[in-house]
Structure formats: structure tokens, C-alpha cells
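K.L.:
compute the structure for the input listed below.
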Amino acid sequence: MPKQDPLFRLHLDIDERVGSIRAGHADWQCAKGCDNCCRQLAGLPHLTGPEWALLRQGLAALPGARLAEIEREVAALAGAPAGPLVCPMLEQASGACPVYLQRPVACRSYGFYVQRDKGLYCGDIEARLAGGGLAEVVWGNHDAIDRRLAAMGEARSLAEWFGEWMGEPGPAR
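P.N.:
Now for the predicted structure:
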């Protein structure tokens, strides 16, 4: 991804904020080993075209059997009622994300940015705040991220993107 690419710039901005929070809080729970948000999605994520293109690269690099498993999970969740649901890409036994480097902005920012009115925040962090911990951490406004994503085009459900991709024949996958 070129450095002037809007998605690349957004990733850098999120990574900078996340890094500064982690630097000041060695016990920040959003790190390897915490997959609570992946196990409690409100619904399947919606991605812009650039996000999908990046995620698709990560998916295409997976072994065929793992990709087929994710395809089945996505299809099963496509018609499911609103969450909580488990991310179809999560390796449930290990709690690892096989496409971590290509993950969508929603995954990159969860726990670090907030939309309280939509219930989009980490309950564990909220509990620490309510208990007096993390008082100096000011959560960002996720609306700014949403505006930047909207400038990248319409967002569509992971199921829609995935369904179109899996419907493609042969090498285009």
C-alpha cells in the first residue's frame, strides 16, 4: 500500500494512537491473547472497497481448507440476527486472527476509539474506567474514523464482499 493511500494513512494514525496508549499502560488489555471483541461482534463487519481489497489479500494467502472454513462461517452468519457473534475469521482454539495484518479498521480501532451511543466500546475497558482506572486515557471519537472511511467509498457487509469473491471463478481468487 503506498504511503499516500488514504487507508494506509488511516492505519498509521490508528497505530500511532494505539502505540501511545500502550506505551503509557503496560497492562492495556487490547493485545495478543485478548480476543474478547472478536467473540462478541454486534454483527458482521462492514468494509470499504480498499479495506476489502487488503483483507482479501490476507484471505487469499491462507491454506485452502482454512479459507473454505471461513467461507462456511461467513455464509452461516450472513443471515444471522444481530450479535453477539464470533468473528468468522477467528481461530477459536488459539484466539488468533489469521489475517491480523490485513484486518479491517473496525478491528484495528476497537478498544481504542469509541462510539458510546452505538455500544461500540470494550466492556472490559469501560469497567476499568468505571473503577477509577485509566482515568487519564481519553478515548477518541470514532466518528472521525467513520468520516475518513466514508471518503473511501461505500461500506458493504463482509458477507457481501465474500460472496462476490467466492463466486468468482479460478485464479481471480
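
K.L.:
next, the contact list for Leu47, please.
P.N.:
Leu55, Pro104, Ala155, Arg156, Leu158, Trp161 (C-beta atoms under 8 Å, 6 or more residues apart in numbering). In this view, the C-beta of every residue, glycine as well, is placed from N, C-alpha and C.

K.L.:
mind checking the SS state of the nearest residue to the last one once chain neighbours are set aside?
P.N.:
Spelled out, it's Trp161. Nearest non-adjacent residue to Trp161, counting by C-beta to C-beta, 6 or more residues apart in numbering: Trp52, 4.5 Å away. Of the three states, Trp52 takes helix under DSSP: H, G, I helix; E, B strand; the rest coil.

K.L.:
and Trp52, how close does it get to Leu149?
P.N.:
Going from Trp52 to Leu149 by C-beta to C-beta, to the nearest Å gives 12 Å.

K.L.:
try Ser109
P.N.:
Taking C-beta to C-beta, one finds Ser109 at 10 Å from Leu149.

K.L.:
which element follows the lowest-mean-pLDDT helix or strand in the chain toward the C-terminus?
P.N.:
Sorting the helices and strands of the chain by mean pLDDT, DSSP states H and E puts strand 113-114 at the bottom, at a mean of 64. For strand 113-114, the following helix or strand on the C-terminal side (DSSP states H and E) is helix 123-130.

K.L.:
how far off centre is that following helix?
P.N.:
20 Å (C-alpha atoms, centre = their mean, to the nearest Å).

K.L.:
mind saving the C-alpha coords of that helix as PDB?
P.N.:
What follows is helix 123-130, C-alpha atoms only, in PDB (Å, rounded to 0.1, in the frame of the first residue of the first chain):
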ATOM      1  CA  GLY A 123     -16.800  -3.500  28.200                       C
ATOM      2  CA  ASP A 124     -13.600  -4.600  29.900                       C
ATOM      3  CA  ILE A 125     -12.000  -1.200  29.400                       C
ATOM      4  CA  GLU A 126     -15.300   0.500  30.400                       C
ATOM      5  CA  ALA A 127     -15.300  -1.500  33.700                       C
ATOM      6  CA  ARG A 128     -11.700  -0.300  34.400                       C
ATOM      7  CA  LEU A 129     -12.700   3.300  33.700                       C
ATOM      8  CA  ALA A 130     -15.800   3.000  36.000                       C
END
